[in-house]
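Asks: Need a 3D model of the following:
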Amino acid sequence: MNASPAESRHSPADVLASPAAAIIAGPLRKALEAAAQQPQAGEGALDSPAVIAATLDALALLDADSDTVAAAILHAYPGWAKALGPGFEREHPLLAALLDGQRAAGQVWALHAEQGRRSGTEGLRRLLLAIVRDLRVVPILLARQLARMRHAERLPPDTRRELAALTRDIHAPLANRLGIWQLKWELEDLAFRYLEPQTYQKIARLLDEKRGDRERYIEQVKRTLREAMAAQGLKAEVAGRPKHIYSIWKKMQRKDVPIGELYDLRAVRVMVEDLASCYAALGVVHAQWTPIPSEFDDYIARPKRNDYRSLHTAVVGPEGKTLEVQIRTEEMHRQAELGVAAHWKYKEVGSHSADAAFDRKIAWMRRLLDSKSEGGSDGADAALASELDTELVEDRVYVLTPKGEVIDLPTGATPLDFAYHVHTEVGHRCRGAKVDGRIVPLDHKLRSGDRVEILTAKTGEPRRDWLVAANGFLASNRSREKVRNWFHKLDRSRNEQAGRELLDKELRRLGVLGADLAPARARFNLANDEDLYVQVALGDIGPHQIGRVLLEHERALAAPPSTAPTSTTTIPPAPRKTPGKSTDFTVEGVGNLLVQISRCCQPLPGEPIAGYLTRGRGVSVHRPDCSAFVRLAAAQPQRVLPVEWGRKGSGYEVDIEVLALDRKWLLKEVTNVIAQANAHVISIRSDVERSSAQVRLRLRLRVADYGQLSTLLGKLSSLPGVEYAQRH
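Replies: This next block holds a predicted model:
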């Protein structure tokens with residue numbers, strides 16, 4: 001395809017030298033000028049130099065900053081970015097974020113092309129803003145799409161329609177939600193022109209037929225209004241307001257009337273100096289002509305969802321013809337035309353008030369994602385207060401089905417949450433999952449943009465450990481309730497037995513199996529052990545919670561009444577460099593003593609502990625039930641010191657044992673679970689038991705406290721082929 005005359009006037013060098021790119025200065029400009037010596041075409045015919053130049057013009061209209069303009073250029077000319085070298089993005093992190101956002105947006109365009117019209121596009125718009133971390137990317141995308149649509153007539157018909165459908169479904173609604181009306185109207189009209197060419201041309205002809213009469217009428221109205229405003233001492237600018245073909249068509253559809261019955265084909269806009277003058281001007285208009293009560297809207301007192309503010313009224317004007325009048329200040333007009341982008345330039349000032357205003361706009365911009373309506377019509381805009389109750393975008397993740405449909409889930413959601421969102425039975429029968437084609441565990445945390453595939457069994461039922469919050473299988477309350485409902489349908493005896501087994505397994509790991517459950521019953525206000533077991537089985541109480549209560553109770557019983565404040569040794573947890581070596585601690589009331597965690601029982605923070613004053617090696621800290629400590633305390637009870645845990649440190653060492661079927665990938669899965677739990681492996685030893693085809697793994701780990709250890713042991717026990725995982 002030969003370049004048009006307009007194309008030939010826009011070389012890559014011309015783009016960089018354009019007035020719109022003049023905002024780029026300093027080292028960044030020099031770098032771009034050097035890279036421009038090796039120009040490379042952008043994304044095919046869609047991004048010709050003329051399109052790129054038009055994109056920069058639109059960004060200049062939106063007061064885009066230098067990083068935004070540079071990011072638009074570098075995305076269009078990827079050869080320039082390559083010429084700048086890998087260190088360039090490290091030196092310009094803000095620019096790198098803008099480039100990453102534009103590349104990520106390509107995923108949404110591909111999904112739109114894949115979906116066609118099979119499903120709604122609201123999810124795609126949400127996904128777009130979820131994966132774009134720097135929101136300045138959005139106006140770049142809008143400006144580029146507008147430039148492409150302006151030059152779309154030279155594209156093949158199929159490509160043009162695809163571009164127009166993408167504009168209608170993604171870009172125009174986003175421009176509307178962000179209040180960037182100046183782009184919104186043109187995006188809508190251009191998309192309508194190529195998607196419904198016959199209807200577009202018909203409305204355009206009807207408007208053209210009476211254009212002369214309409215323009216003469218508007219001139220008469222403008223003259224009358226200026227004189228009336230001046231007579232009341234109001235300084236006002238009155239101008240005709242252009243009508244947009246897509247907007248006219250939507251009103252014709254909504255009201256089911258022909259174009260001749262649309263009153264707002266004749267419209268003017270009144271610009272005044274301040275807020276008080278808006279209402280004064282409204283009084284002048286209503287005094288001049290008879291108002292139509294049902295057609296008055298005060299968007300100053302009740303702004304639209306995208307912060308649009310203006311007074312709208314309709315009157316019976318000269319010659320008995322209906323007339324629409326909009327009244328606003330210059331600042332309101334700027335906001336109406338540019339939306340969030342109207343606040344960009346104030347961000348660069350650097351004042352505290354400007355930063356606060358900008359941050360409020362960004363927070364508002366993110367809240368728009370939870371709007372269910374398309375927006376754009378007066379009736380679709382609800383009060384702003386109702387919107388403020390919705391969740392911010394950071395509280396959600398947007399993932400994809402294998403067919404590319406977008407699923408909205410809470411942050412921290414797992415493949416199991418995804419399965420239950422698809423269907424309750426899919427969740428019950430879920431036995432595995434793939435994310436982007438890779439098998440992942442069911443507690444894998446999903447991220448926006450992940451494509452999830454659920455692996456199911458023909459028949460199946462949920463597992464009780466899915467309900468244990470510490471295991472991390474379910475983040476959604478909706479999913480957890482579906483699992484609980486399934487178990488609620490079982491008879492009480494089955495729930496009691498299952499809860500007993502879960503609790504015994506946890507207490508065995510913690511070394512308190514057989515302890516009296518009375519402290520736990522009292523803590524959770526339950527009448528008997530059977531009720532406690534049922535609560536565990538249904539996931540209302542976690543086994544680790546009961547274990548913590550029992551350990552705290554044992555610690556309280558083991559600590560003798562304190563008669564002097566100097567008799568307690570406080571031991572802040574701290575990392576141990578090597579097993580058996582001591583670390584310095586402060587001992588209250590005694591001075592500095594060396595304190596070491598005993599290797600024989602390896603107590604963890606939160607467990608009951610006792611100290612033993614050794615000869616020359618300071619205080620050795622044991623669990624009270626440690627056989628070595630019991631023997632030493634019996635021989636020399638005067639050396640026993642009451643001690644307690646202090647501040648949290650960076651970890652403690654503990655030995656665990658895992659007995660499992662000797663199979664391929666076992667060790668890899670065990671170490672993966674440990675890494676995902678944020679624990680650290682110090683050493684591993686394995687012993688194969690030939691007679692039973694099992695392997696015994698003995699691992700020394702570094703964990704934060706016994707709570708982390710309990711969670712880790714639970715996940716290890718749930719691995720396929722693992723008979724048990726417990727402290728050694």
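Asks: what's the least confident helix or strand in the protein, going by average pLDDT?
Replies: Here the helix or strand of the chain ranked lowest by mean pLDDT, DSSP states H and E is helix 384-387, holding a mean of 31.
Asks: then the helix or strand residue 142 falls within to CSV, C-alphas only?
Replies: Element membership of residue 142 [criterion: DSSP states H and E] is helix 137-150. What follows is helix 137-150 as a C-alpha-only set of coordinates in CSV (Å, rounded to 0.1, in the frame of the first residue of the first chain):
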residue,chain,number,x,y,z
VAL,A,137,-1.5,4.1,30.2
VAL,A,138,-5.3,4.4,29.7
PRO,A,139,-5.3,7.8,28.1
ILE,A,140,-2.4,6.7,25.8
LEU,A,141,-4.6,3.7,24.7
LEU,A,142,-7.6,6.1,24.1
ALA,A,143,-5.5,8.6,22.2
ARG,A,144,-3.9,5.9,20.0
GLN,A,145,-7.3,4.3,19.3
LEU,A,146,-8.8,7.7,18.3
ALA,A,147,-5.9,8.3,15.9
ARG,A,148,-6.3,4.8,14.4
MET,A,149,-10.1,5.3,13.9
ARG,A,150,-9.4,8.7,12.2
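Asks: which is the next helix or strand following it?
Replies: In the C-terminal direction, the helix or strand that comes right after helix 137-150 (DSSP H and E) is helix 157-166.
Asks: ok, and for that following helix, which residues are buried?
Replies: Of the residues in helix 157-166, those buried under the neighbour-count criterion (16 or more other CB atoms under 10 Å) are 160-166. For every residue, glycine as well, the C-beta is placed using N, CA and C.
Asks: pLDDT on that helix, on average?
Replies: Mean pLDDT, helix 157-166: 89.
Asks: Would you mind measuring from the closest residue to residue 321 other than its chain neighbours to residue 217?
Replies: Beyond its immediate neighbours in the sequence, the residue positioned closest to residue 321 (CB to CB, 6 or more residues apart in numbering) is residue 266, lying 6.3 Å away. Residue 266 sits 6 Å away from residue 217, taking CB to CB, to the nearest Å as the criterion.
Asks: could you pull out the helices for the stretch 351-500 of the chain?
Replies: Residue ranges of the helices in the stretch 351-500 of the chain, as given by DSSP state H, counting those that start in this stretch, are 352-367, 384-387, 415-422, 424-428, 477-488, 492-510.
Asks: Just give me the lowest mean pLDDT stretch among these.
Replies: helix 384-387 (a mean of 31).
Asks: that older thread, quick one: buried residues of the helix holding residue 142?
Replies: 137-149.
Asks: mind putting these in JSON lines, pLDDT and distance to residue 88 included?
Replies: Listed next are those as JSON lines, based on pLDDT from 0 to 100; distance: CB to CB, whole Å:
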{"residue": "137", "pLDDT": "85", "distance to residue 88": "18"}
{"residue": "138", "pLDDT": "84", "distance to residue 88": "23"}
{"residue": "139", "pLDDT": "85", "distance to residue 88": "23"}
{"residue": "140", "pLDDT": "89", "distance to residue 88": "18"}
{"residue": "141", "pLDDT": "90", "distance to residue 88": "22"}
{"residue": "142", "pLDDT": "90", "distance to residue 88": "26"}
{"residue": "143", "pLDDT": "90", "distance to residue 88": "23"}
{"residue": "144", "pLDDT": "91", "distance to residue 88": "21"}
{"residue": "145", "pLDDT": "91", "distance to residue 88": "26"}
{"residue": "146", "pLDDT": "91", "distance to residue 88": "28"}
{"residue": "147", "pLDDT": "91", "distance to residue 88": "25"}
{"residue": "148", "pLDDT": "91", "distance to residue 88": "27"}
{"residue": "149", "pLDDT": "92", "distance to residue 88": "31"}
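Asks: circling back: compare residue 266 and residue 217 and say which is more crowded by neighbours.
Replies: Between residue 266 and residue 217, counting by other CB atoms under 10 Å, residue 266 is the more crowded of the two (23 against 18).
Asks: Contacts only, for the more buried one.
Replies: Contact partners of residue 266, counting by CB atoms under 8 Å, 6 or more residues apart in numbering, are 214, 217-218, 221, 317, 321-324.
Asks: what mean pLDDT does the helix or strand hosting residue 324 have?
Replies: According to DSSP H and E, residue 324 maps onto strand 322-329. Confidence over strand 322-329 (mean pLDDT, whole number) is 89.
Asks: Check which helices and strands that strand sits against.
Replies: Counting contacts by 3 or more CB pairs under 8 Å, 6 or more residues apart in numbering; DSSP states H and E, strand 322-329 is packed against strand 267-272, helix 275-288, strand 311-316.
Asks: which of these is buried the deepest?
Replies: Using mean count of other CB atoms under 10 Å, the stretch among the helices and strands packed on strand 322-329 with the largest mean neighbour count is strand 267-272, at a mean of 21.
Asks: tell me the angle of that one relative to helix 275-288?
Replies: 140 degrees (axes from the mean of the first three to the mean of the last three CA atoms, to 10 degrees).
Asks: who does strand 267-272 pair up with?
Replies: Strands flanking strand 267-272 in the sheet, each with its direction: strand 236-240 (antiparallel), strand 322-329 (parallel) (DSSP bridges).
Asks: quick one: pLDDT of residue 692?
Replies: Here, the pLDDT recorded for residue 692 equals 70.
Asks: That one in helix, strand or coil?
Replies: Recorded secondary structure, residue 692: coil (DSSP: H, G, I helix; E, B strand; the rest coil).
Asks: Between residue 266 and residue 217, which contacts overlap?
Replies: Contacts common to residue 266 and residue 217, judged by CB under 8 Å, 6+ apart, are residue 321.
Asks: tell me the average confidence for the host helix or strand of residue 226?
Replies: Remark: residue 226 resides in helix 211-231, with elements defined by DSSP H and E. Mean pLDDT, computed over helix 211-231, is 84.
Asks: Residues touching it, excluding its own?
Replies: Outside helix 211-231, the residues within contact range by CB under 8 Å, 6+ apart are 235-236, 238-240, 265-266, 268, 270, 281, 284-285, 287-288, 317-319, 321, 323.
Asks: Rebuild the strands paired with strand 267-272 as JSON lines, extending it with distance to residue 547.
Replies: Output for those, formatted as JSON lines (distance: least, CB to CB, whole Å):
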{"stretch": "strand 236-240", "distance to residue 547": "74"}
{"stretch": "strand 322-329", "distance to residue 547": "65"}
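Asks: Export these as a markdown table, with columns for mean neighbour count and distance to residue 175.
Replies: A markdown table is the format used below for those (neighbours: other CB atoms under 10 Å; distance: least, CB to CB, whole Å):
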| stretch | mean neighbour count | distance to residue 175 |
| --- | --- | --- |
| strand 236-240 | 16 | 22 |
| strand 322-329 | 22 | 19 |
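Asks: Select, out of those, the one closest to residue 121.
Replies: Ranking these by their distance to residue 121 (criterion: CB to CB) puts strand 322-329 first, at 29.9 Å.
Asks: how big is the angle separating that closest one from helix 211-231?
Replies: Going by the same axes, to 10 degrees, strand 322-329 makes 50 degrees with helix 211-231.
Asks: Please put the alpha-carbon coordinates of strand 322-329 into PDB.
Replies: Output in PDB follows, covering the C-alpha atoms of strand 322-329 (Å, rounded to 0.1, in the frame of the first residue of the first chain):
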ATOM      1  CA  THR A 322     -37.600  23.300  22.200                       C
ATOM      2  CA  LEU A 323     -34.100  24.200  23.100                       C
ATOM      3  CA  GLU A 324     -31.500  22.700  25.400                       C
ATOM      4  CA  VAL A 325     -29.200  24.900  27.500                       C
ATOM      5  CA  GLN A 326     -26.100  23.800  29.400                       C
ATOM      6  CA  ILE A 327     -24.600  26.100  32.000                       C
ATOM      7  CA  ARG A 328     -21.200  25.600  33.600                       C
ATOM      8  CA  THR A 329     -17.900  27.300  34.700                       C
END
